[in-house]
Every structure is written in C-alpha cells, then in structure tokens.
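**Q** No letters, just coordinates:
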C-alpha cells in the first residue's frame, strides 16, 4: 500500500494523531498553531499538513463536507498509519442551554447519514473513544472554554429537514420534517453537523480511536423555525476567533492524548 | 408520584445510584457486599435492596430478562429519584481476546432490541455516560480484574439466531452470518439489556452504563452441535461476586468524583 488515490498520501506522511476539519481552507490555519509544520499533499477537497505541536507529532487533513468524502479520507488515512482521529468542525445546537461560541464535545452521534450504513447496520452505535472524550474534556477545562458533552445528529443534508418551508430551495418541504428537530431536542441531542457519525463508526469497527469537537454557530430551532427562512450567511455567528479556538483545542486534545498514551 | 406500580418503590426508597442485575436472585448477593443493607420491595421480577457501600448510599434492583421489563424498571426507578444506572450482568463473548471470566465494560450497544425503538429511532446511539465508563475502568483496574472496553450486541433473543440454537432446529437464511457479521464490527459481547438502558438514560439526561461478566463464548455448541447454556455457561458464585464488587466500586468511585466536583 503506497500512494493513496484521493489524499495523495503515503505511509510516513502523517502522524498517528490526525485532526479532521471539513474545510480545506482551515488546514493551514490549524497548522499555524504548531511550532513546525509543512504541507504534505493537496488534491480535491483533501489538504494535509503534518508537523509538531508542543513536541507531539500531529497531522491535519480536511475531509470536505459530508460523510461520503469523510469515509474516503478515513479509509486512506487508516492505510497510511493514522490511528486516532479528532474531528474539529462547526455545528448547530438543539438545546437552549448551549450558546453560540460554546464548544460541543461529541461522545456519540445519531446516524442520519448514508455512508456509515454501508459499513454497519443502523443498530450499531456511533460512539467516540472514551480516551478522546476524556482528553477533550481536559482540554476544554485547561483552556477555560465553555463546553458541553453529548450526542450530535449527523445528517447528509444541510438544507433539508427543517421544521418549516424555507430552508430548501424554492420552498420545497415535507410534512414529516415538521417535528424532526423538536424530536431531536426531546431526545436530548446536543448538536447538528455532517461528519461525526461515519468517523465514529469506522474508527470503532477498525479498532481505532475517534472523537469530535465543534464550535456552536447557531441554534437550529431558533434560526429557521419562526419565519422558516434559512440564510446561514446572515444567520450564523462567525465572531472571528472561534475557528482559532477550535483549532487550539483540537491540538491540545492531541497533546493530552499523546501524554496519556506515553504514560500508559 | 408515589408508589410505583411494578417495582413497588416510593421516593426515598432508593439511592441516586442503582445497580441493575437481571436476576432477582442475585440482588441479595450484591447487597451482602455492603456494610448495611435492607430489603425494600419485591414484586414480580423486581427485587430491590438499599444500603450503604463504603459510606456511599447504594441500591440494587433486578430488571428481569430483556429490554421490556428493564424499561419498566428504569421508568419507575427514575420517578423515585434514581439518577445513575449501572447494569451488572452476564454476557457472551464475540471476540477471541475476550475470555470467560473477564469483565466487559460496555461503552455502547448495537440496538437489536424492540423496546428502545419505541423511544428513539435506530439512528440514535446507545451510548454509556463517559463518567460511568471511566469509573468502571477505575474499579476493574483497582480490583485487578481483567477487563475490556467496547460495544455490546443487545438483542431480544437468548436462543440466538443461529442454526442449532432455536428449538427444533428452526432457522432463517438471514441468520447464517448474523453473529459473524456482528463480530466483524469489533463488538465485544452479546447480552440483552444494555441498549435500552443506555438509550433511556441518555434521552432523560441521566447517567447509564453497563458492566458484564463473560459467562460464555457466544454461539458455542456442545459436542452434538446443540446450544446448551446449562452445560456451557460459567455462572458460578465466585465470578458473579467479582462482578458485583466491580459494580459496587464503580458506584463508590462515581460518588467520590461527584463529591470532588461539587466542592471544586
């Protein structure tokens, strides 16, 4: 197994610990927090940097949006030697106690995606590794970031399934979308995003470790349920430094894991 | 809300942390490890003892076999004040590395049960609370008990969907690779209650987790190719007491850490 078809990575190109943002544009930003880093590969939506953070070898590869491209990244990263995957992304929340700018630590995911079902039946749990969850909690405390631990709803759609017409183009809507978000809130689901479930399922079936953290950009029930209009460009709260905070926390999660792995 | 219909408990009758074996006959064995214990109620398959273990208030309620009776126990226990549920049961191993006599700490479950689907759709993960997982790892480590952390297959069938297991040789073609496929997903164990316990705890915002003693290798047959649990299962007294001790220590560690957190 040498050069990988999509990621353009070979064994030796990545550290055992890989941060996974969705956006390829964020990879250089993450790597800028490390004391040493270099670009290893860039192809399609997959950009990889490898370097050192506080003495710990670390990589960051973008997955693109959604579980299909994320599954390809996981498959190829696994082949070149990655063993611990930490998703760093953005999310919405269903819970009023969670505010924009807070960090959501995902210990599990509701599997509203297609890719993970092709690997394991829907009964199978999308669950993070407890080492990664613990390291994320420790990193959140150490950095003083407000955080919440819970389940994310991973879905294959960004614009569909909102409670009222207005989220999908031209007012397209289905009646069974009406209570979907409200039901998720009732199930105590913390967040909504688009990649965690497949990362958790694949890592688990391969015996590898995964986890995920995300910065909260919006309350999905509040954003679209009053008028039904959904305009993320206007409504999402990108205050400025939240992506840098997310990148720092992800890097700290890797440092804490590496320390604890060494001590074990 | 006063006296509960099935478990025959009222508020004040149980501690916040409850151990949950399936077998009503094992409740007294568990309570015999505490410095103080009293029998609170007995009705149908539900037997409850409440007492003190190393200074920590603790209860033990049997659930009966399977998710339907377990869901009733959880609904009624929550109404009378239980907030942390730790299942202590037996399981079959799905992996060669997991041997009879080992303890499986179940951090998540494959939802092959009926009950949990009536509460939340199958996309929703059956995941243990990370504090319970950590406390169980702490307890097993401290007691020197060989343990594994991973996913369980929570099924509504004991006489498993395999040739030679169901009465009269009854089988279905879809059963042939069922257990082999589950084992390929890296699941550790098979049992009958953890999935529902984890889903219900999570949707209510309570803490749930499960510890199980490996009593057999799932799918193991006797010399004639038949499934005979009476002949092949190891449910002797010593390993069951070890399981009970890991459960009690898990509750003690949780209480210690909860106390540390509230004073911090």
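**A** Looks like it came in fine. Since the structure is predicted, the reported quantities are computational estimates derived from the model, not experimental observations.

**Q** I'd assumed residue A:244 was in contact with residue A:29.
**A** Yes: proximity of residue A:29 to residue A:244 meets the contact threshold set by C-beta atoms under 8 Å, at 6.9 Å. (Each C-beta comes from the backbone N, C-alpha and C, glycine too.)

**Q** Kindly report the residues of chain B close to chain A.
**A** Within chain B, the positions adjacent to chain A are B:107-112, B:120, B:122-127, B:130, B:133-134, B:137, B:149, B:151, B:184-187, B:202-205 by C-beta under 8 Å from any C-beta of the partner chain.

**Q** OK, contacts around residue A:31?
**A** A:37, A:39, A:49, A:51, A:60 (C-beta atoms under 8 Å, 6 or more residues apart in numbering or on different chains).

**Q** ok, now with 7 Å
**A** Residue A:31 makes contact with A:37, A:49, A:51, A:60, according to C-beta atoms under 7 Å, 6 or more residues apart in numbering or on different chains.

**Q** where's it relative to residue B:200, distance?
**A** 43 Å (C-beta to C-beta, to the nearest Å).

**Q** What segments of the chain are strands?
**A** Since you didn't name a chain, this refers to chain A. A:17-20, A:36-43, A:46-53, A:56-61, A:84-93, A:103-112, A:126-127, A:147-155, A:191-193, A:209-219 (DSSP state E).

**Q** meant chain B, my bad for not saying
**A** In chain B, the strands defined using DSSP E lie at B:17-20, B:36-43, B:46-53, B:56-61, B:84-93, B:103-112, B:126-127, B:147-155, B:189-191, B:207-217.

**Q** Am I right that residue B:62 is in contact with residue B:21?
**A** Yes: look at residue B:62 against residue B:21 with C-beta atoms under 7 Å: they come within range, at 5.5 Å.

**Q** Pick out whichever of those two has more residues nearby.
**A** Counted by other C-beta atoms under 10 Å in any protein chain shown, residue B:62 and residue B:21 do not tie: residue B:62 has more neighbours, with 27 against 24.

**Q** Phi and psi next, for residue 187.
**A** Using chain A here. Residue A:187 adopts backbone torsions of phi -80, psi 10, taken as degrees, to the nearest 10.

**Q** wait, I meant chain B there
**A** Torsion angles, degrees, to the nearest 10, at residue B:187: phi -60, psi 140.

**Q** That one - how many residues pack around it?
**A** 27.

**Q** how about it, what does it touch?
**A** Residues near residue B:187 by C-beta under 7 Å, 6+ apart: B:94, B:110, B:150-153.

**Q** let's see 8 Å
**A** Here residue B:187 is in contact with A:124, B:94-95, B:110, B:150-153 (criterion: C-beta under 8 Å, 6+ apart).

**Q** Can I get the residues you listed in JSON lines including pLDDT?
**A** Output for the contacts of residue B:187, formatted as JSON lines (pLDDT from 0 to 100):
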{"residue": "A:124", "pLDDT": "97"}
{"residue": "B:94", "pLDDT": "95"}
{"residue": "B:95", "pLDDT": "96"}
{"residue": "B:110", "pLDDT": "98"}
{"residue": "B:150", "pLDDT": "98"}
{"residue": "B:151", "pLDDT": "98"}
{"residue": "B:152", "pLDDT": "98"}
{"residue": "B:153", "pLDDT": "96"}
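
**Q** Out of the residues of chain B next to chain A, which end up buried?
**A** Neighbour-count burial (16 or more other C-beta atoms under 10 Å in any protein chain shown) applied to the residues of chain B next to chain A gives B:107-112, B:120, B:122-127, B:130, B:133-134, B:137, B:149, B:151, B:185-187, B:202-204.

**Q** Confidence-wise, which helix or strand of the chain is lowest on average?
**A** All of this is about chain A. When the helices and strands of chain A are scored by mean pLDDT, DSSP states H and E, helix A:220-225 comes last with a mean of 79.

**Q** look at chain B instead
**A** Going by mean pLDDT, DSSP H and E, chain B bottoms out at helix B:229-232, a mean of 80.
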